[in-house]
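Visitor: kindly generate the corresponding structure for this input.
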Amino acid sequence: MKRRMKRRKINTALVFALAAALLLPFTGCSSETKNTEYTDGTYSGRSSDFADDESGNGAGYGTVEVTVKDNKVVSCTFKMFELDGTLKDETYGADLSRENRLKAQKAVQSAPKYAAMLEKSGTLDGIDAISGATVSYNEFKEAVGDALKKAEKQ
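Guide: This is a model prediction of the structure:
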């Protein structure tokens, strides 16, 4: 019986060790800030062009301007544009169906929220997509990544 208890404790310890090893890559710092040093200054970034979603909506790209100080983002602006360079603003989606117009406006309204979240956290770590504005989120992250790449110390 003692031998079975000892074996069970070892098996339990192995299960926990294995679980911890498997979860380790998903904890801690994200790749955006892991051991990266930035030069203070203001940098711009741009996402790649997004063609559109399955309904043909949302085509465009995003741009950011970030200010870095003491290895953190202290200021950020995020703007979204249609592929022809037209700024997506309060009129974006006006010619769409009601449902798609609401989606378009939700995306536009997400821009200052994403920028504010980055200013508050100082890094991309922990910034989650706003429901209904995932394309904007992806454009934001990509544009910020582009700007921070320019800010990296050589």
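Visitor: from here on, just use CA atoms for contacts and neighbour counts.
Guide: Will do.
Visitor: can you map out the strands along the chain?
Guide: Counting by DSSP state E, the chain has strands at residues 41-46, 61-69, 72-81.
Visitor: among those, which comes closest to residue 138?
Guide: Closest to residue 138 of the strands of the chain, according to CA to CA: strand 61-69, at 9.1 Å.
Visitor: how about the helices in this structure?
Guide: 2-23, 98-121, 134-151 (DSSP state H).
Visitor: outside of the longest one, which residues touch it?
Guide: Okay, so that is helix 98-121. 57-58, 73-80, 88-90, 92-95, 124, 127, 130, 132-133, 135-137, 140 (CA atoms under 8 Å, 6 or more residues apart in numbering).
Visitor: the last one now?
Guide: Helix 134-151 is contacted by residues 32, 38-41, 43-48, 58, 61-66, 68, 78, 80, 107, 110-111, 114, 124, 128-130 when judged by CA under 8 Å, 6+ apart.
Visitor: what residues sit buried inside that helix?
Guide: 135-151 (16 or more other CA atoms under 10 Å).
Visitor: now for residue 92, how many residues are close by?
Guide: The local packing of residue 92 (other CA atoms under 10 Å) involves 19 other residues.
Visitor: do you know how far the nearest residue to residue 95 once chain neighbours are set aside is from residue 93?
Guide: Using CA to CA, 6 or more residues apart in numbering and skipping residues adjacent in sequence, the residue nearest residue 95 is residue 101, 7.5 Å away. Remark: distance between residue 101 and residue 93 (CA to CA, to the nearest Å) = 5 Å.
Visitor: ditto for residue 118
Guide: 26 Å.
Visitor: more crowded one of the two?
Guide: Remark: of residue 118 and residue 93, residue 118 carries more neighbours, 24 against 20, as counted by other CA under 10 Å.
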